[in-house]
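J.: Here is a sequence together with a model predicted from it:
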Amino acid sequence: METLTGKVALVTGGSRGIGAATARALAEEGADVAMSYVNSGAKARAIVCELEGKGVRTAAFRADQADPSQVEGLIRAVVERFGHLDILVNNAGIAVSGLIDNPENIIDDFKRQHAINFGGVVAAIRAAVKVMENGGRIITVGSVIGTRVGTVGMADYAATKAAIVGYTKGAARDLGPRNITVNVLQAGAIDTDMNPATSDFAPTATAGVALGRYGRPEEIAAGIIFLASPAASYITGTVLNVDGGYGA
Ligand code: NDP
């Protein structure tokens, strides 16, 4: 049974990886799906074509998450195209690693990462709540690294993902009276372009995972669908770890 028919969802960074899997899963549940991208226009358009085949309305928009005005424009464009916005999935992100005492690890890299992973989320939530109605859902893709770093070189990235959790808890309080839920899904090591299961980093990524393997983007999408579904109506201001037991 489709659980999200009649809903309009926006997935930031829907062109690849976890975002693309989430866009597909939302469409499977009957939602109309908008997505954003920054560089992969062709990949985003291919997913739009695929979702059209599932009979839902869909569109892709270019918007750089590092620029709050582009993020605001994205939310406006979605509402102009689809009429409303019910589900916001803040997925777009980058991961830039580097030891904090390495001179080549420049502060501008941190600023860009922070602007996309945290500033973009804040901008999207602030713009979305201007148009979201009672029953809206906001889900942000965080990382288990925001809670347990577990390896070197990830301080800047971890900070951006930890910030999301605090913001989510505050937003859940502010938006509770409007029956809008706000949650974080913290992903573990997921096989995508960002963190390929075939890379030299893979053994480190899976070393602390109870299930001993990478997760698939579809396994994150399943958690997002749950948080967006009617079954999660009493869940807000919390963190759902989908990490194969990395935090255990
Ligand atoms: P990918 O690198 O595979 O995909 C990233 C997506 O984000 C792409 O669609 C990309 O668009 C988009 N994006 C990147 N920068 C911007 C930007 N400035 N503006 C708009 N869109 C942007 O990554 P994943 O699918 O692996 O990651 C998705 C989310 O999951 C991220 O927030 C990441 O931090 C988080 N995560 C991932 C984990 C993993 O192991 N893979 C683990 C924990 C969390 P485009 O294609 O146009 O570049």
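T.: Nice, I can see it.
J.: Tell me if the helix or strand harbouring Ile138 is near the ligand.
T.: Here Ile138, judged by DSSP states H and E, is contained in strand 137-143. Yes. Using Cβ under 6 Å from any ligand atom, strand 137-143 reaches the ligand at 141, 143. Using the backbone N, CA and C atoms, a C-beta is placed for each residue, glycine as well.
J.: what pLDDT, on average, does that strand get?
T.: For strand 137-143, mean pLDDT rounds to 99.
J.: Measure how far that strand is from the centre of its chain, please.
T.: Averaging C-alpha positions (Cα atoms, centre = their mean, to the nearest Å) puts strand 137-143 5 Å from its chain's average.
J.: Which elements pack onto that strand?
T.: strand 87-90, helix 120-131, helix 155-175, strand 181-187, helix 217-228 (3 or more Cβ pairs under 8 Å, 6 or more residues apart in numbering; DSSP states H and E).
J.: partner strands of it, parallel or antiparallel?
T.: Strands that pair with strand 137-143, judged by DSSP bridges, come out as strand 87-90 (parallel), strand 181-187 (parallel).
J.: who in this protein is up against the ligand?
T.: Near the ligand, when you scan the chain using Cβ under 6 Å from any ligand atom, you find 12-13, 15-19, 36-40, 43, 64-66, 91-95, 116, 141, 143, 187, 189-190, 192-195.
J.: picking that back up, mean pLDDT added to the strands paired with strand 137-143, as JSON lines?
T.: Formatted as JSON lines, those follow (pLDDT from 0 to 100):
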{"stretch": "strand 87-90", "mean pLDDT": "99"}
{"stretch": "strand 181-187", "mean pLDDT": "99"}
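J.: Single out the most deeply packed of the ones you listed.
T.: strand 87-90 (a mean of 29; mean count of other Cβ atoms under 10 Å).
J.: Name the next helix or strand downstream of it, please.
T.: helix 107-114.
J.: contacting residues around that following helix?
T.: Residues from elsewhere that reach helix 107-114 (Cβ atoms under 8 Å, 6 or more residues apart in numbering): 66, 94-96, 98, 156-157, 159-160, 163.
J.: What mean pLDDT does it get?
T.: 94.
J.: Offset the numbering so it begins at 21, please.
T.: Noted, 21 is the first residue going forward, which turns the last one into helix 127-134.
J.: Nearest spatial neighbour of Val169, chain-adjacent residues omitted?
T.: Leaving aside its sequence neighbours, Val169 sits nearest to Ala178 (Cβ to Cβ, 6 or more residues apart in numbering; 5.0 Å).
J.: quick one on the thing from earlier: which of the contacts of helix 127-134 tops the neighbour count?
T.: Using other Cβ atoms under 10 Å as the neighbour test, the contacts of helix 127-134 are led by Thr180, with 26 neighbours.
J.: Generate CSV for the helices and strands packed on strand 157-163, with distance to Glu70 as supplementary columns.
T.: CSV is the format used below for the helices and strands packed on strand 157-163 (distance: least, Cβ to Cβ, whole Å):
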stretch, distance to Glu70
strand 107-110, 17
helix 140-151, 24
helix 175-195, 29
strand 201-207, 23
helix 237-248, 14
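J.: Out of these, which is the most enclosed?
T.: strand 107-110 (a mean of 29).
J.: so how far is the helix or strand containing Arg44 off the chain centroid?
T.: Of the helices and strands defined by DSSP H and E, Arg44 is found in helix 37-48. Helix 37-48 has its C-alpha centroid displaced from the chain centroid by 11 Å (Cα atoms, centre = their mean).
J.: Report all helices and strands that it contacts.
T.: Under the contact definition 3+ Cβ pairs under 8 Å, 6+ apart, helix 37-48 sits against strand 28-31, strand 52-57, helix 61-72, strand 107-110, helix 237-248.
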